[in-house]
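> Any chance you could fold what I've pasted below:
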Amino acid sequence: MRKTAARKISIYLKIDANSIDAYFNPHDPARLDRRQLGHDFQEYLNNSIVGAGRHTTIDFKVFCCDSGNMRFMIDPLIRTIRRHFQIQKTLKEMEFRKFKRKNYILLLISISIVMFCQGVLPLVFGQDHRIHSMFSNAIDVFSWVILWKPIERLIFYWNPFLKEILLFNKMQHAKVNIVESEEELINYHMEHYDAA
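As a prediction, this is how the structure comes out:
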């Protein structure tokens with residue numbers, strides 16, 4: 001039975017003096033908005049979107065604990081997250097193009113081998129030769145075997161690539177909601193808990 005995907009995924013981020021260091025790679029000396037994301041934070045983001053489907057909407061809920069002190073950190077953090085997923089999307093698109101090119105080349109090579117076997121070999125053996133029917137049957141089986149793998153890959157294996165590209169695109173363009181107070185966060189949870 002197929003598990004249904006969530007309609008909406010909210011990723012919660014808490015910004016205060018202690019948590020901001022956990023979001024970025026501590027060994028990266030770059031400016032804050034150019035730093036790499038920390039490994040634990042990347043795992044948190046990836047685990048948050050595991051249940052996402054094609055029609056799932058994703059947004060960030062950013063909770064600023066120190067009411068105005070850490071608000072300046074929201075923009076660099078969100079830019080870093082978006083840049084991270086833009087890079088992931090670009091890498092996945094390159095991998096998908098490589099996958100398609102490799103399988104189309106394999107399909108063309110397979111078709112040329114089949115054309116050779118079906119066109120040239122029957123000319124070598126005569127039509128009325130008894131060995132011809134045996135070779136013809138063997139060539140038919142060989143043709144299906146050699147064509148099956150590239151056709152199977154081109155039909156069935158492209159969907160995971162497109163799903164990941166779409167997911168990275170959603171993360172790159174996710175909406176950001178800033179929650180100023182704890183009461184606002186609790187009210188948000190309560191209204192969505194009641195709606196479910």
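
> Only C-alpha atoms from now on, for both contacts and neighbour counts.
OK.

> and the residue nearest in space to the middle of the chain, what helix or strand is that in?
Nearest residue to the geometric centre of the chain (Cα atoms, centre = their mean): residue 164, 1.5 Å. Counting by DSSP states H and E, the element that carries residue 164 is helix 159-172.

> Can you mark which positions in that helix are buried?
Applying a neighbour-count criterion of 16 or more other Cα atoms under 10 Å, one finds 161, 164-172 buried in helix 159-172.

> re earlier: so the residue nearest to the centre of the chain touches residue 91, yeah?
No: judged on Cα atoms under 8 Å, residue 164 makes no contact with residue 91 at a distance of 10.7 Å.

> which residue ranges form the strands in the protein?
6-15, 52-64, 175-179 (DSSP state E).

> okay, the ones you listed in CSV with distance to residue 46 next?
Output for those, formatted as CSV (distance: least, Cα to Cα, whole Å):
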stretch, distance to residue 46
strand 6-15, 10
strand 52-64, 10
strand 175-179, 17
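
> and these as TSV, adding distance to residue 74 and mean neighbour count?
Output for the strands of the chain, formatted as TSV (distance: least, Cα to Cα, whole Å; neighbours: other Cα atoms under 10 Å):
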stretch	distance to residue 74	mean neighbour count
strand 6-15	8	17
strand 52-64	8	18
strand 175-179	9	16
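
> now the angle from the lengthiest helix in the chain to strand 6-15?
The residue-count maximum for a helix in the chain (DSSP state H) belongs to helix 74-119. Counting by axes from the mean of the first three to the mean of the last three Cα atoms, to 10 degrees, helix 74-119 points 140 degrees away from the direction of strand 6-15.

> Okay, buried residues for stretch 15-31 please.
15-16, 23-25.

> chain center to it, what's the gap?
Computed by Cα atoms, centre = their mean, to the nearest Å, the chain-centroid distance of stretch 15-31 equals 26 Å.

> Mean confidence (pLDDT) on that stretch, please.
Model confidence over stretch 15-31, given as mean pLDDT, is 82.

> Show the end-to-end separation of it, please.
Across its full length, stretch 15-31 reaches 18 Å end to end, with Cα to Cα, to the nearest Å as the criterion.

> mind checking how far the nearest residue to residue 147 once chain neighbours are set aside is from residue 155?
Distances taken as Cα to Cα, 6 or more residues apart in numbering place residue 110 nearest to residue 147, at 5.7 Å, with adjacent residues excluded. Distance of residue 110 to residue 155, computed by Cα to Cα: 16 Å.

> So the two - more neighbours on which side?
Using other Cα atoms under 10 Å as the criterion, residue 110 and residue 155 rank with residue 110 on top: 20 against 10.

> still on that earlier bit, in helices, which of the buried residues of stretch 15-31 appear?
Those of the buried residues of stretch 15-31 lying in helices (DSSP H): residue 23.

> still on that earlier bit, residue contacts, the residue nearest to residue 147?
143, 146-147 (Cα atoms under 8 Å, 6 or more residues apart in numbering).

> Tell me the one of these nearest residue 119?
residue 143 (12.0 Å; Cα to Cα).

> How is the protein partitioned into domains?
With domains defined by automatic domain parsing, the chain comprises 6-92+170-195, 95-156.
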